[in-house]
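> Structure, please.
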Amino acid sequence: MKNSTFNPAQQEKDISSKIVAGMERVSEVFKILLWEKAKLVGLSPIQIQILIFIAFHKQKLCNVSHLAKEFNVTKPTVSDAVRVLDKRGYIVKDFSSSDSRSYSISLSDLGNDIISQTYDFSNPLKKQVDSFSQSELESLFGTLSQLIYKLNRNGILSVQRTCYGCKFYEKQQESDYCDLLQKELLNQEIRLDCPEYEEKAIG
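This is a model prediction of the structure:
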């Protein structure tokens with residue numbers, strides 16, 4: 001127990017523990033900001049997250065199964081959230097797929113109105129990040145994108161769409177390269193949520 005990340009004595013002798021503890025504090029900020037916005041519009045945080053995700057992603061990703069993986073919650077949890085959003089008229093269900101039991105989800109006009117009120121919930125956090133220098137931002141982003149990739153590869157994060165896990169990505173000597181864009185990628189051009197992402201085969 002002495003080796004706990006949350007033990008201040010452990011943090012003093014292990015910078016990795018200190019970083020993880022710091023990330024936990026940042027995650028608390030994210031949750032607080034989301035809760036505050038959710039209360040303003042009378043929705044739960046997961047309902048807000050689902051609406052925002054639908055607003056900015058391809059329809060093939062906007063179904064109960066994928067949303068459950070995206071937010072690391074159970075399908076029943078997503079189904080309950082979707083049921084409320086549907087009842088309030090914020091979404092439209094599309095049953096046009098070959099599987100009559102499944103459907104994709106899109107926003108209704110009312111849903112778009114809610115997005116206009118909630119999409120910026122993370123702005124107070126972004127404002128603080130904006131205050132860092134360009135070199136600090138690039139260093140932080142490089143570390144963060146690698147961490148997300150490693151968490152996914154170790155089964156801790158179920159969904160990621162970063163370049164490192166994409167079939168179009170390759171390492172050329174010391175450079176990152178995208179075969180789809182046919183170009184070398186600068187550190188700040190590595191994407192965390194790429195619309196063209198296709199998972200790389202492992203093996």
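> how many neighbours does K87 have?
For K87, the neighbour count with other C-beta atoms under 10 Å is 9. Any C-beta I mention is one placed from the backbone N, CA and C, and that applies to glycine too.
> Now S102: closest residue in space that isn't a chain neighbour?
Spatial nearest neighbour of S102, excluding adjacent residues (C-beta to C-beta, 6 or more residues apart in numbering): N63 at 6.1 Å.
> How many residues are close by the one you found?
As a measure of burial, N63 has 19 neighbours, counting by other C-beta under 10 Å.
> Can you check the pLDDT for it?
pLDDT recorded at N63 is 93.
> Contacts only, for it.
By C-beta atoms under 8 Å, 6 or more residues apart in numbering, the residues touching N63 are 102-105.
> most surrounded residue in the residues you listed?
Going by other C-beta under 10 Å, I105 tops the contacts of N63 with 24 neighbours.
> Wasn't that one part of a strand?
Yes - counting by DSSP: H, G, I helix; E, B strand; the rest coil, I105 is part of a strand.
> residues contacting it?
Counted by C-beta under 8 Å, 6+ apart, I105 has contacts 50, 54, 59, 62-63, 67, 82, 91-94.
> what is the nearest residue to L85 once chain neighbours are set aside paired to in the beta sheet?
Excluding the flanking residues, the one nearest L85 by C-beta to C-beta, 6+ apart is I91, at 4.7 Å. With DSSP bridges as the criterion, I91 is bridged to L107.
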